[in-house]
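# A structural model of the following input is requested.
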Amino acid sequence: MIDRYLEALEQYEMEIISVRKGRGAWICETDQGLKLLREYRGTVRRLEIEDQILGMIDTRTSLRTDRYERNREGGLLTMAGDGTRYILKEWFSDRECNIRDSYEVRQSIARLAMLHAQLARIPFQEEWRMGSVCREQAGPEMNRHIREMQKARSFIRRKRGKTEFELCVIGNYDGFYEQAKEAADEMMRLWERNGAAAGQHITEEDGQLMAAELSAESVSGLSLCHGDLDQHHVLMGRGYTAIVEYNRMHLGIQASDLYRLMRKALEKHGWDTELGLSMLDSYQRVRPMDRRERKSLACMFLFPEKYWKQLNFYYNTNKAWIPAKSTDKLKSLEDQEPARRRFIRRLMTECG
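Reported below is the predicted structural model:
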């Protein structure tokens, strides 16, 4: 029986030379260059928005993106006989960014700044208004994560016979909670809307409503963001850098993309302060940030995201058995905390 993905490939105007599995998809060598075929579970509307935005990015420079390919019918979505839906996009044979190579990381960040500069010039369009594009913003999201941290800690405090992981949480929760609260309060002040008081409690429903109301005109400073940037989505080519996978692109604070890539690198480099500041400099040489963006970046670093993730994972999984690696990760966060705090203090001074 013919593989279903081959049925999808037959619906494109190109000759398939070879196909191999990779990155959870099929990498296809064709007479029109390298392509990537992947199953797709989203909406056609979301695909069309991504394609429209990516079509506005100038890739004649040292920046590349993975544009979608249309099938013979002119559609972005292709269906096989069993109903499985596929998308085909331009692809690259280049390796991922080496997060341990500080030069390569700074180069990637400079390319990210090029991408952001172009995305910032794209005006928000009314037809793009949908949940995956107008998402919950950073301040309300941080407040939601704080409530999740509180739930986990309250559960642990009531529990008898605590495990090593739970004892670690009891021991280090207050410090991380104070960081989270300070970061969330400052982020809300920076991006407060409609006369909301600084530090006002925002419910999850409020945050979702605020996200649904967003537009480039109603909230100054928000722009299109990649939304899921890490070293796996940055491919290092000869004379260019490809930033790929825009399925989480949304309207938000572009500093969030920079934060994710910087944090990944800093964790690998022991929160090296000088490296962190040089990465920020590499970005601002291409795209200078205003004071609100810089302070937002500092807030993102102050918020203990990895600590929240560990507590949230614990609270939402089977607590009868806690993996040893979860405890190890909490202890690792404690070990890294002095270096992390030194970097954050310098960053706050720089971003003042």
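
# residues contacting the most centrally placed residue in the chain?
What sits nearest the mean C-alpha location of the chain, by Cα atoms, centre = their mean, is D228, with 2.5 Å. Residues near D228 by Cβ atoms under 8 Å, 6 or more residues apart in numbering: 245, 247-248, 260. In this view, the C-beta of every residue, glycine as well, is placed from N, C-alpha and C.

# So F176 sits against K309, correct?
No - F176 sits out of contact with K309 when judged by Cβ atoms under 8 Å, with a separation of 11.5 Å.

# So for these two, which residue has more residues nearby?
More crowded of F176 and K309, by other Cβ atoms under 10 Å: F176, with 23 against 13.

# and the more buried one, which of the three is it?
Following DSSP: H, G, I helix; E, B strand; the rest coil, F176 is assigned to helix.

# residues contacting it?
Counting by Cβ under 8 Å, 6+ apart, F176 touches 149, 304, 307.

# Can you add distance to H232 and give the residues you listed back as CSV?
Shown next, in CSV, are these (distance: Cβ to Cβ, whole Å):
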residue, distance to H232
M149, 27
P304, 23
Y307, 23
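
# ok, which stretches of the stretch 151-300 of the chain are strands?
Listed in chain order, the strands of the stretch 151-300 of the chain (DSSP state E, counting those that start in this stretch) span 223-225, 234-236, 241-243, 250-252.

# Now render those strands as TSV, adding mean pLDDT, distance to E192 and mean neighbour count.
Putting the strands of the stretch 151-300 of the chain into TSV (pLDDT from 0 to 100; distance: least, Cβ to Cβ, whole Å; neighbours: other Cβ atoms under 10 Å) gives the following:
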stretch	mean pLDDT	distance to E192	mean neighbour count
strand 223-225	94	19	23
strand 234-236	97	33	22
strand 241-243	97	31	22
strand 250-252	93	16	23
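
# of all those, which lies closest to E274?
strand 234-236 (21.8 Å; Cβ to Cβ).

# quick one: strands adjacent to that closest one?
strand 95-96 (antiparallel), strand 241-243 (antiparallel) (DSSP bridges).

# gap between stretch 124-132 and the chain center?
From the chain centre to the centre of stretch 124-132 is a distance of 19 Å (Cα atoms, centre = their mean, to the nearest Å).

# Show me the shaky parts of this structure.
1-2, 193-220 (pLDDT under 70).

# So which residues of it form helices?
4-9, 44-54, 102-120, 138-158, 164-190, 204-213, 255-268, 273-286, 291-302, 305-315, 324-351 (DSSP state H).

# Let's have these in TSV, adding distance to V19.
Output for the helices of the chain, formatted as TSV (distance: least, Cβ to Cβ, whole Å):
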stretch	distance to V19
helix 4-9	8
helix 44-54	22
helix 102-120	29
helix 138-158	39
helix 164-190	44
helix 204-213	39
helix 255-268	31
helix 273-286	37
helix 291-302	40
helix 305-315	36
helix 324-351	36
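
# Turn the strands paired with strand 234-236 into JSON lines, including distance to R4.
Below are those laid out as JSON lines (distance: least, Cβ to Cβ, whole Å):
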{"stretch": "strand 95-96", "distance to R4": "28"}
{"stretch": "strand 241-243", "distance to R4": "28"}
